[in-house]
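Asker: Show me how the following folds:
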Amino acid sequence: MKIGLDAFELKLLAMGLMLLDHIYYFIPGTPIWFTWLGRIVAPIFFFMVEGFHHTRSRLRYTARMFIWAAIMFVGTRLIMHRFPPVHTPIVNNIFLSLALSLCLMSAIERTRVTGNRALGVPAVIAVSFLSLFSEAGLYGIALTLVFYLFRGDRPRMAVAYVLVSLAMPLLLSPAAPVINLERLLYYDYQWMMVFSIPFILVYNGRRGPKNSFTKYLFYVFYPAHVWVLYLVGRAMAFGL
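Answerer: Next comes the predicted model:
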């Protein structure tokens, strides 16, 4: 009897919730609870980059992520050039955030193995700086560090993750310092990513079905659904 969720099942869950989140972002009038559910998504994908520890070629894995980041970038620019934004531009490119996450883990691990801090520390700082300009920003750096440093110790990882999830949105928020229910539900709801921890904790360490479809499903689905929703939202803005 299988217990927990494998990697493929976690990705399917995250993709479904990501679809809801982007429907809220691109389609006017969508209920806000769609994006509340979407807060669960990014942490799951950053956690699933733990494939870094299992892949036969980390270089190829990282290169593939950068290639899809480039595909996403070029495709987005072409679409927005042909169909300029009306109310919501495309700013999404999680591939780049995940690729930089892989680079950050590689820099940390190489520094640990070689002990060469003269090169390792500047590399970690450089990758972290570049990550600030990706979609995930500082959240991506924090999630990468939590999942990498506490890998193999789920209780400590869960505690660190919950603390980061609750503290960062409040520390980084440009809103007024007063904390109330309205602020937490309608303005600074990024803290809701804390609810992804139950799904992460039931990960059973198994990869799940292994074939070309499961390997490339997310790579294709991510840009495709973003571009389609952008065009639908734009058409709705024109009343088409």
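
Asker: ok, the nearest residue to Asp21 once chain neighbours are set aside to Ile94 distance?
Answerer: Excluding its sequence neighbours, the residue lying closest to Asp21 (Cβ to Cβ, 6 or more residues apart in numbering) is Gly38, at 2.3 Å. Glycine gets a C-beta too; all of them are placed from N, C-alpha and C. For Gly38, the distance to Ile94 equals 12 Å [Cβ to Cβ, to the nearest Å].

Asker: ok, now Leu231?
Answerer: In terms of Cβ to Cβ, Leu231 sits 19 Å off from Ile94.

Asker: Among the two, which residue is more densely surrounded?
Answerer: More neighbours surround Ile94 than the other of Leu231 and Ile94, with 25 against 14 (other Cβ atoms under 10 Å).

Asker: tell me the contacts of that one?
Answerer: Ile94 makes contact with Ala42, Phe45, Glu135, Ala136, Tyr222 under the criterion Cβ atoms under 8 Å, 6 or more residues apart in numbering.

Asker: If any of those are buried, put those into a ChimeraX selection.
Answerer: Selecting only the buried entries of the contacts of Ile94 in ChimeraX, with 16 or more other Cβ atoms under 10 Å as the criterion:
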select :42,45,135,136,222
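
Asker: Out of the contacts of Ile94, which two sit at the greatest distance?
Answerer: Pairwise distances across the contacts of Ile94 (Cβ to Cβ) peak at 13.7 Å, for the pair Ala136 and Tyr222.

Asker: Tell me the gap between the helix-or-strand element of the chain with minimal mean pLDDT and the middle of its chain.
Answerer: When the helices and strands of the chain are scored by mean pLDDT, DSSP states H and E, helix 181-186 comes last with a mean of 80. Relative to its parent chain, helix 181-186 has a centroid offset of 23 Å by Cα atoms, centre = their mean, to the nearest Å.

Asker: Apart from its chain neighbours, what residue comes closest to the one residue sitting closest to the centre of the chain?
Answerer: By Cα atoms, centre = their mean, the chain has its centre lying nearest to Ala42, at 3.2 Å. Leaving out its chain neighbours, the residue that sits closest to Ala42 by Cβ to Cβ, 6+ apart is Ala136, at 6.2 Å.
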